[in-house]
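A.B. asks: Structure, please.
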Amino acid sequence: QVDLVESGGGLVQAGGSLRLSCAASTRTFSDYAIAWFRQTPGKEREFVAGIDWTGGTTDPTLYSNSAKGRFAVSRENAKNSVYLQMNSLKPEDTAVYYCAARAFNVGVTTDLYPYWGQGTQVTVSS
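C.D. replies: Model prediction:
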């Protein structure tokens, strides 16, 4: 069982930045891939970014096209945490952001992830 708690959401103006955090409760955090998804009302949850387990490839990160170049995902195993740095935010980034965990490698679909956080709201005003 892995419990995940997101934090760092809020209201920001377009062009601004936010840093989301995902804290995990597991003794084997380094064995898990952590991904960020987001969801708006009436739409399916979509992949944003993810980072592989610590023993993975030399390039463990993966981004959606909309996140590439603006968002950066990183992990700090000593704190059982993963971060999503979001820069140059746009109104279309407004959503509830969720972190999710699965063993080893990042996947881009929700059905691959057995563990989810409760979500944190990000609102970008124009």
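A.B. asks: Could you point out which residue ranges in this protein have low pLDDT?
C.D. replies: Scanning the chain with the threshold set as pLDDT under 70 gives 55-58.
A.B. asks: residue boundaries of the strands in it?
C.D. replies: With DSSP state E, the ranges of strands along the chain come out as 3-7, 10-13, 18-25, 32-39, 46-51, 61-63, 71-76, 81-86, 95-103, 115-116, 120-125.
A.B. asks: among these, which is the most enclosed?
C.D. replies: strand 32-39 (a mean of 25; mean count of other CB atoms under 10 Å). From N, CA and C alone the C-beta is placed, and that goes for glycine too.
A.B. asks: Let me know the angle separating it from strand 18-25.
C.D. replies: Calculated by axes from the mean of the first three to the mean of the last three CA atoms, to 10 degrees, strand 32-39 forms an angle of 130 degrees with strand 18-25.
A.B. asks: heads up, I number from 8, so please use that
C.D. replies: With 8 as the first residue, the last one maps to strand 39-46.
A.B. asks: How far off centre is strand 39-46?
C.D. replies: In this view, strand 39-46 has its centroid 4 Å away from the chain centroid, taken as CA atoms, centre = their mean, to the nearest Å.
A.B. asks: Between strand 102-110 and that strand, find me the angle.
C.D. replies: Angle of strand 39-46 versus strand 102-110, following the same axes, to 10 degrees, is 160 degrees.
A.B. asks: coming back round to it: could I get the strands of the chain in CSV, plus columns for distance to T116?
C.D. replies: Shown next, in CSV, are these (distance: least, CB to CB, whole Å):
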stretch, distance to T116
strand 10-14, 18
strand 17-20, 28
strand 25-32, 18
strand 39-46, 9
strand 53-58, 7
strand 68-70, 12
strand 78-83, 17
strand 88-93, 18
strand 102-110, 10
strand 122-123, 13
strand 127-132, 21
